[in-house]
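S.K.: Turn this into a model:
(one chain, ligands or ions: 1)
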Amino acid sequence: MEYQLLFAEVLYKELKDELDLEKIFKLIEKPKHSEMGDFAFPCFELAKIFRKAPNQIALELAEQLEMPPLFEKVQAVSGYVNVFLAQEEVSASVVADVIQSKAHYGKQDHGNGEVITIDFSSPNIAKPFSMGHLRSTVIGHSLARISEKNGFEVVRINHLGDWGTQFGKLIAAYKLWGDEEKIRENPIKELLTLYVKFHDEAEHDESLIDEGRLWFKRLEDGDQEARDLWEWFRDESLKKFNSIYELLGVSFDSTQGEAFYNDKMERVVQLLEKKQLLKESDGALVVETVEGMPPCLIKKKDGTTLYATRDLAAALYRHETYGSERSLYVVGNEQTLHFKQLFDVLEKMGYEWSRGLKHVPFGMMLKDGRKMSTRKGKVVLLEEVLKEAVSLARQNIADKNPSLAEKEQVAYQVGTGAVIFHDLKNHRLNDVEFSLDTMLKFEGETGPYVQYTHARASSILRKGSYHENVDQLSFSDVQSWPVVKSLMDFPDAVKRAFEGNDPSQVAKYVLDLAKTFNQYYGNVRILDAVEGRQTKLSLVHAVQVVLKEGLHLLGVEAPEEM
Ligand SMILES: NC(=[NH2+])NCCC[C@H](N)C(=O)O
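M.R.: Numbers count the residues shown, from 1 in each chain. All right, here's what the predicted structure looks like:
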């Protein structure tokens, strides 16, 4: 039951001529102090329309509103209409609802099964999986789950960077200096070394650049040797990437990277030609985009294609294959211009659906305030970082709970959960300072803190031999109300997270629920309660369900014990 919506509907009956339902819903506030009620409707905007003082309007509204049964009091105070819920009844109904719905609690249906494609992670082969790709993976994975929770059908796409002039350069470098043995031992590191060497040497030997270009041309034309080498580099890289995905619990519906579009680009070029959008510029083919933006490069002088050409082909392919009218591209904010150009070209091509394409940018991952870079061989190997988080978590368990069963599994869940949560707890556009120590703390705004709260709830339920039963819940204490109110906020957090493509809404929500519950736990005797033990345990159960589902939406596991 959505009480805020109920309140909005009642207000709407009185205010239809002035405001629409959505506007009213958005205006409703949740007062911080309980004496101001559970919801408050400000009348300041109406003052202009009615030419009356806000408080006068509030008084009249409070008089007129026909509140439904579970609202027990309406009050006009300083320009607000404050309404109070009937705590006992509402608590029983919310807790029963959560326990009966379980993981479905908070599910929204406004997506109506519509398909949405989410392009995320998308690392480049033959290069290390960067911190930026980690951010994209974590944010995209969470947005996929949040979209499903909002009623959408999601297609998860890993648009691998496995095509482009850099592979010509890499093949050229391998032909010159490559050592098969070494690459087999340590593929990504060796390939990166070759690539860096190529760039260094090319600074004083320009013929290398031509050599690289030639190899990419051969690759695009299907030359066998070039293909074989490329495939080998790709396979080795994928092995590494897959072990990271496994660690993070991430999977995809499609790993069709840029190379997949090799035979689909000619059609795009022809379409652009037919729509008279192609222009020649210095021998290259471009599409002019809106004023002030550089033109979008489609084909180079030598006939090879570009990142943007492949993205055009991919957008068409996805729309045709999945029937998607909406797509998210979870890619760092340094590619903002690229996506602006891409969407603009598609719009110029006359595709209505291009309006449903959205770039979801994010900030950088920093170490000691500086960008973590993979250039010039200064490699931060992500897999090692994740493993280190796991090993710190393992140490923690050894110190705090040495008798824990499933130690190893829990160490993985806590270690990776800490990294993921740390990334998602602030708005994605903020830069993130990477600090394992901070992430892994059991107190403060961390993943382990929320996981620990979930494990605490689970432990209370075990110790209390809890049996599910929602028939005779009776909430007469004041302490449970803030917890119930937090439970009630979950559906709205799910919706907001979708609307803003913003997993931090869910992260902040679970932190709030965990804090509120821990306060309750500190003040209320649950296991040795003389009265209402079943009700109290049911509240704990509801908290456990929602914490787990909230963490799930972020891509974080919730161990029962830790
Ligand atoms: N459709 C896309 N362009 N997706 C993002 C690709 C990201 C690219 N591989 C990079 O690492 O920069």
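
S.K.: from here on, contacts and neighbour counts on C-alpha atoms
M.R.: Fine.

S.K.: Who are the contact partners of Val269?
M.R.: Counting by Cα atoms under 8 Å, 6 or more residues apart in numbering, Val269 makes contact with Ile298.

S.K.: His359 in helix, strand or coil?
M.R.: Secondary structure state of His359, per DSSP: H, G, I helix; E, B strand; the rest coil, is strand.

S.K.: Okay, and the beta partners of it?
M.R.: Counting by DSSP bridges, His359 is bridged to Tyr329.

S.K.: so Trp353 sits right up against Glu325, yeah?
M.R.: Yes - with contact defined as Cα atoms under 8 Å, Trp353 reaches Glu325; the gap is 5.4 Å.

S.K.: Low-confidence bits of the stretch 301-450 of the chain, can you list those?
M.R.: Across the stretch 301-450 of the chain, the ranges flagged by pLDDT under 70 are 372-381.

S.K.: Now do the helices for it: every range, in order, please.
M.R.: 307-322, 336-348, 382-400, 407-424, 436-439, 447-463 (DSSP state H, counting those that start in this stretch).

S.K.: The second one vs helix 307-322, what angle?
M.R.: In other words, helix 336-348. If you take axes from the mean of the first three to the mean of the last three Cα atoms, to 10 degrees, helix 336-348 sits at 50 degrees to helix 307-322.

S.K.: which strands and helices sit next to helix 336-348?
M.R.: Counting by 3 or more Cα pairs under 8 Å, 6 or more residues apart in numbering; DSSP states H and E, the packing neighbours recorded for helix 336-348 are strand 296-299, helix 307-322, strand 357-360.

S.K.: So which of those is nearest the ligand?
M.R.: Minimum separation from the ligand across the helices and strands packed on helix 336-348 (Cα to the nearest ligand atom) falls at helix 307-322, 5.5 Å.

S.K.: quick one on the thing from earlier: what touches both of Trp353 and Glu325?
M.R.: Common neighbours of Trp353 and Glu325, counting by Cα under 8 Å, 6+ apart, are absent.

S.K.: In a helix, Leu272, correct?
M.R.: Yes - under three-state DSSP, Leu272 sits within a helix.

S.K.: the helices in the stretch 51-200 of the chain, which residues?
M.R.: When secondary structure is read from DSSP H, counting those that start in this stretch, the stretch 51-200 of the chain shows helices at 54-64, 87-101, 131-149, 165-177, 180-185, 187-202.

S.K.: Now for Glu325: which residues touch it?
M.R.: Val115, Ile116, His319, Trp353, Ser354, Gly356, Leu357.

S.K.: List only those of the residues you listed flagged as buried.
M.R.: Listed as buried from those are Val115, Ile116, His319, Trp353, Ser354, Leu357; burial here means 16 or more other Cα atoms under 10 Å.

S.K.: Show me which pair in those residues is furthest apart.
M.R.: The distance between the two most remote of those (Cα to Cα) is 14.5 Å, for Val115 and Ser354.

S.K.: returning to what we had before: would you mind giving the helices and strands packed on helix 336-348 as CSV with distance to the ligand added?
M.R.: Below are those laid out as CSV (distance: least, Cα to the nearest ligand atom, whole Å):
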stretch, distance to the ligand
strand 296-299, 14
helix 307-322, 6
strand 357-360, 9
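
S.K.: Of these, which is nearest Ser91?
M.R.: Of all the helices and strands packed on helix 336-348, strand 357-360 sits nearest to Ser91, with 37.5 Å by Cα to Cα.

S.K.: In terms of secondary structure, what does the closest one contact?
M.R.: Packing contacts for strand 357-360, counted by 3+ Cα pairs under 8 Å, 6+ apart, involve strand 326-330, helix 336-348.

S.K.: With respect to Val556, which of these lies nearest?
M.R.: When those are compared by Cα to Cα, strand 326-330 sits nearest Val556, at 18.9 Å.

S.K.: And for the closest residue to Trp163 other than its chain neighbours, the neighbour number?
M.R.: The spatially closest residue to Trp163, leaving aside those adjacent along the chain, is Ala259, at 5.1 Å (Cα to Cα, 6 or more residues apart in numbering). Counted by other Cα atoms under 10 Å, the residues lying close to Ala259 total 16.

S.K.: do Asp528 as well
M.R.: Asp528: 9 surrounding residues under other Cα under 10 Å.

S.K.: list the contacts for it?
M.R.: Shown in contact with Asp528 (Cα under 8 Å, 6+ apart): no residues.

S.K.: ditto for the one 4 residues further on
M.R.: Under the criterion of Cα under 8 Å, 6+ apart, the contact list for Gly532 reads Ser474.

S.K.: Likewise for Tyr12?
M.R.: Residues near Tyr12 by Cα under 8 Å, 6+ apart: Leu19, Asp20, Leu21, Ile24.

S.K.: quick one: Asp223 and the ligand, what's the gap?
M.R.: Using Cα to the nearest ligand atom, to the nearest Å, Asp223 is found at 24 Å from the ligand.

S.K.: Provide a list of residues in contact with that residue.
M.R.: Going by Cα under 8 Å, 6+ apart, Asp223 touches no other residue.

S.K.: tell me which parts of the stretch 251-400 of the chain are close to the ligand?
M.R.: Contact residues, the stretch 251-400 of the chain versus the ligand (Cα under 6 Å from any ligand atom): Asp311, Val331.

S.K.: Oops, could you answer that again for the stretch 1-150 of the chain instead?
M.R.: Residues of the stretch 1-150 of the chain found near the ligand (Cα under 6 Å from any ligand atom) are Asp119, Ser122, Pro123, Asn124.
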